[in-house]
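1. got a predicted model here, sequence first, then my questions.
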Amino acid sequence: MYKRNYKITAKSDVFFRYLFGMPENEDLLVDFINAVFRDSGGKTIRSAMVVNPFNLKESFEEKETILDIKAISDDGRFLNIELQVIGNESYRKRIAYYIAKLHSSQLTTGDEYEKIAQTVAIHIVDFELEKGDKNIHNCYHLYSENNKKLCLTDDLEVHVLELPKLRNNAKIDKRLFGWLEFFEEEEEGKNMDAVIEKNPKLTRAQELFKRFTENEELNRYEARVKYERDLKYWKKCIQEQIRNEIKEEIRNEIQKECREEGRDEGITIGRNEGIAIGEERGISIGLSQGAHQKAVETAKNFLAMGLSIEQVADGTRCRPQETPDGDRQRYNDFP
């Protein structure tokens, strides 16, 4: 079923779990975690108990799909370590969600908040999360925007290690640099001697990698996991594409109907408004003409009473105009 030619690398999900999730490899996990803590100026640990150990039997029987490492240190800190090769801006939400979930899992109903221990998430990512920033390692806490020296709490701590920035020559802990080079160099098949010099623990990590890649069953398991992950990813992409196409079709149809309805409604409204405006203008013109006629009649009456033309003009706002036949006057509106 899983016949694709997948190349097992040090960044493969299953190898990462195999490397740090096996109880007998605790010393390697502790060495890596301490390298991260030293680089950020944090307190190191002496031991770490993995609470979701890697189980080969369950992996082969397709019962295990866990891809991260959860552990509790000797000083009570809750730890989550994960390696992610694909990601985008939404990965930030994933980080926030999982550390919050792990942090809140420490309490049960009725427990006091004082029992909550620090939760630390360590994410190795094979993509640039902080574009424009050259740091390989960034450590995040809850700080005040107004004063970076004010930390709300150190209960949540996130470390992000960006592998693509490994060649930026940024200064990081020597042992941490060695671990990150291990994940990069083993994938590219480069000579590991220079990397191992930075951290002797990497000798055993390299041996485990060779043993892992020579295990046919493990290779089949990795192929199955990658196949299922890729299938899930492409299904999601296809579903998203279908949703977008449907939305676009609906949007176009709605716009088309709106234009047609708007045109018909506009014609009807225009006709009705035209009638109404016509009626209104007709009334206005009628009133104006009626007023003018009334003023003319009043002017004639005033003249008949013997008033002067000037008095009639002031009283009726009509202006006199000579008639062709020599009549005294006829009247129009003043300008």
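-> Sure thing, it's come through.
2. by contact count, what packs against the longest strand seen in the chain?
-> The residue-count maximum for a strand in the chain (DSSP state E) belongs to strand 151-162. Where contact means 3 or more Cβ pairs under 8 Å, 6 or more residues apart in numbering; DSSP states H and E, strand 151-162 is packed against helix 91-104, strand 119-125, strand 137-143. C-beta here means a position set from N, CA and C on the backbone, and glycine is covered the same way.
3. and the next helix or strand past whichever helix or strand residue 177 is part of?
-> For residue 177, the element it lies in under DSSP states H and E is helix 174-188. Next along the chain after helix 174-188, taking DSSP H and E as the criterion, comes helix 193-198.
4. CA atoms only for that following helix, dumped as CSV, please.
-> Only the C-alpha atoms of helix 193-198 are listed here, as CSV (Å, rounded to 0.1, in the frame of the first residue of the first chain):
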residue,chain,number,x,y,z
ASP,A,193,32.4,14.8,12.2
ALA,A,194,32.5,18.6,12.5
VAL,A,195,29.0,18.6,14.0
ILE,A,196,29.8,15.9,16.5
GLU,A,197,32.8,17.9,17.7
LYS,A,198,30.4,20.5,18.9
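5. average pLDDT across the helix or strand following that helix?
-> Moving toward the C-terminus from helix 193-198, the next helix or strand (DSSP H and E) is helix 201-213. If you average the pLDDT over helix 201-213, you get 89.
6. can you check stretch 91-107 too?
-> For stretch 91-107, mean pLDDT is 91.
7. any idea how far residue 38 lies from residue 259?
-> Noted for residue 38: a distance of 66 Å to residue 259, by Cβ to Cβ, to the nearest Å.
8. more neighbours: which of those two?
-> Counted by other Cβ atoms under 10 Å, residue 38 and residue 259 do not tie: residue 38 has more neighbours, with 16 against 10.
9. mind checking the SS state of that one?
-> Three-state call for residue 38 (DSSP: H, G, I helix; E, B strand; the rest coil): helix.
10. go ahead and confirm it touches residue 44.
-> Yes: between residue 38 and residue 44 a contact is recorded at 6.4 Å, counting by Cβ atoms under 8 Å.
11. what about residue 258, neighbour count?
-> Count around residue 258 with other Cβ under 10 Å applied: 11.
12. swap in residue 36?
-> So residue 36, with other Cβ under 10 Å, has 24 neighbours.
13. got the helices and strands packed on strand 151-162 as CSV, with mean neighbour count and distance to residue 168 columns?
-> Conversion of the helices and strands packed on strand 151-162 to CSV gives the following (neighbours: other Cβ atoms under 10 Å; distance: least, Cβ to Cβ, whole Å):
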stretch, mean neighbour count, distance to residue 168
helix 91-104, 15, 20
strand 119-125, 22, 15
strand 137-143, 15, 11
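14. hmm, back to that, show me what the helix holding residue 177 packs onto, helices and strands only.
-> Contacts defined by 3+ Cβ pairs under 8 Å, 6+ apart place helix 174-188 against helix 26-39, helix 193-198, helix 201-213.
15. any stretches of the chain with poor pLDDT?
-> Under the criterion pLDDT under 70, the flagged ranges of the chain are 1-7, 55-67, 169, 186-191, 216-237, 261-335.
16. the helices and strands packed on strand 151-162: which one's closest to residue 204?
-> Judged by Cβ to Cβ, the one of these that comes nearest to residue 204 is strand 119-125, at 18.8 Å.
17. partner strands of the closest one, parallel or antiparallel?
-> Strand pairing for strand 119-125, using DSSP bridges, gives strand 78-84 (parallel), strand 151-162 (parallel).
18. mind exporting that strand as CSV, just the C-alpha atoms?
-> The C-alpha trace of strand 119-125 is given here as CSV (Å, rounded to 0.1, in the frame of the first residue of the first chain):
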residue,chain,number,x,y,z
THR,A,119,4.9,25.1,30.8
VAL,A,120,7.6,25.3,28.2
ALA,A,121,7.1,24.7,24.4
ILE,A,122,10.1,24.1,22.2
HIS,A,123,9.4,24.2,18.4
ILE,A,124,12.0,23.3,15.8
VAL,A,125,10.6,24.6,12.5
